[in-house]
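Asks: Quick one: sequence and predicted model below, then my questions.
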Amino acid sequence: MKIIGFCIFYVASTVLCRAWQPPHNVRLSRNEAVLRWDTHASHTHTATYTVQYRIGEDGLWTDMSGCVNTLEKQCDFSVMATGLYGATLRVRAEQDNITSPWEQCNQKVKCVHTRSCAPKVDVIASPGYLSVQMDFNRSDHSLQNEYGGHLSYTLLYGREGEKMKVFCVGCGPAVRVEPLPVGERVCVQVQYRLYSKPHGTPSDPECRLIPQSERGRELSMVAMLAAVFSVLVGLSVGCYCFISRYHTHIKDFMRPVTLPEHFTEFFPGPFVQQTPANPSPEWQSHDVISGMEEKLGEEEEDGERTNGSTGLDWCQRTSGSGLDWCQTLVDEEERREGEGEGGYRDYEGSGFNSDTPLI
């Protein structure tokens, strides 16, 4: 009895499956966003159809809006065509709670089926220009195959961040954009043009930096080196002039500094003044001459010094190192007289000459 029941169920299932077949000859229109199919002989006028799409090989199948349980033998997806480029479509039949297997279209949605397709381009930057060429290896060939010579391009260009301008309308597959400013980034976009009318959408902006020519780079390097050399020369001349004019003040600043005794009270430990043990004769001479100049300057301002004053008078009024230096001058002159040279030597800045008696 069980065997007879199983045989009856198997025969009935086989008959129903063979009688209810999916639609066949599923295809896309040549240049429209429309999916078409042919019905099976077992389909009645009450049969309905559902269309689904999938984007990518791993995408999920989704019902096509407006094409679920429809009585039509086609599905117009032009409203959604913009987002269905490259999608795969399939359809199945339904009647009295019985559904057929899915039948998949062997074509994918291409540029010829949508009006949102954009060309793929290759952009190469050269000194002063851009070379723009359509990349047919990455582009969809459906428009070329369908329309052939009626298909052209519109090329737009502009600096990065600025509004694009039209470079050419009805261009061919290879265009040279020139002249372009060196050292700036320039972007290009390309759009299909079908029967002298825009078709689809512009491609994504492709931006490139316009390089300098080899000669331009050499000139820039020469100009930079000349500028650096000029700056170095200017600094050298400025330093020389500064030192020549203020060398005496520089010597004053280079003298050892002695802190006042009340400053040392703030140090935590004993503080030893760092002074040279044996000052050089140059420093001693500089100190004496500087002291004489300061003394003479003070006498001139106070009106105490007269035109008849002599170096001897100054020596008689000077104590300390200045007096010792005057005595040194006297000893030096006596030595020179003994050697036969005679006369007195005029010391620059000392106030003495051969007409001034020392005694």
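Replies: Yep, it's here. Numbers count the residues shown, from 1 in each chain.
Asks: ok, which stretches of this protein are helices?
Replies: Taking DSSP state H as the test, the helices found in the chain are 2-19, 142-147, 214-254, 281-302, 311-317, 321-338.
Asks: Can you give the contact residues for the shortest one?
Replies: Helix 142-147 is touched from outside by 30-31, 110-113, 117, 136, 151, 192, 194-195, 199, with contacts defined as Cβ atoms under 8 Å, 6 or more residues apart in numbering. C-beta here means a position set from N, CA and C on the backbone, and glycine is covered the same way.
Asks: out of these, which is most surrounded?
Replies: Counting by other Cβ atoms under 10 Å, His113 has the largest number of neighbours within the contacts of helix 142-147, with 25 neighbours.
Asks: ok, and the closest non-adjacent residue to that residue?
Replies: Distances taken as Cβ to Cβ, 6 or more residues apart in numbering place Ala33 nearest to His113, at 5.0 Å, with adjacent residues excluded.
Asks: need the contact list for the one you found.
Replies: Contact analysis of Ala33 by Cβ under 8 Å, 6+ apart lists 76-78, 81, 84, 109, 113-114.
Asks: What distance do you get for it to Met134?
Replies: For Ala33, the distance to Met134 equals 24 Å [Cβ to Cβ, to the nearest Å].
Asks: Burial check on Met164, number of neighbours?
Replies: Neighbour tally, Met164, other Cβ under 10 Å: 15.
Asks: same thing with Tyr85?
Replies: 18.
Asks: Check the one 5 residues further on too.
Replies: Residues within reach of Arg90, counting by other Cβ under 10 Å, total 20.
Asks: List the contacts of it.
Replies: 26, 51-54, 61, 102-105.
Asks: Could I get these in TSV, plus columns for distance to Gly234, neighbour count and pLDDT?
Replies: Shown next, in TSV, are those (distance: Cβ to Cβ, whole Å; neighbours: other Cβ atoms under 10 Å; pLDDT from 0 to 100):
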residue	distance to Gly234	neighbour count	pLDDT
Val26	83	20	95
Val51	80	25	96
Gln52	78	19	96
Tyr53	73	24	96
Arg54	73	15	95
Trp61	77	11	95
Trp102	84	16	94
Glu103	85	18	94
Gln104	80	15	94
Cys105	78	20	94
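Asks: ok, so of the residues you listed, who is nearest Pro268?
Replies: Arg54 (84.9 Å; Cβ to Cβ).
Asks: ok, the closest one touching Leu84?
Replies: No - assessed by Cβ atoms under 8 Å, Arg54 is found out of contact with Leu84, at 10.0 Å.
Asks: Can you give me the distance of Met80 to Leu209?
Replies: When Met80 is compared with Leu209 (using Cβ to Cβ), they lie 39 Å apart.
Asks: which of those two has more neighbours?
Replies: Met80 (17 against 11).
Asks: Roughly how far does that one sit from Asn69?
Replies: 18 Å.
Asks: hang on, the earlier thing: which of the contacts of helix 142-147 fall within strands?
Replies: 151, 192, 194, 199 (DSSP state E).
Asks: now this protein, which segments are flagged as low pLDDT?
Replies: The chain contains residues with pLDDT under 70 at 1-19, 216, 250-259, 261-264, 267, 269-330, 332-334, 336-359.
Asks: Mark out where each domain of it begins and ends.
Replies: Segmentation of the chain into domains, based on automatic domain parsing, reads 21-113, 121-214, 282-338.
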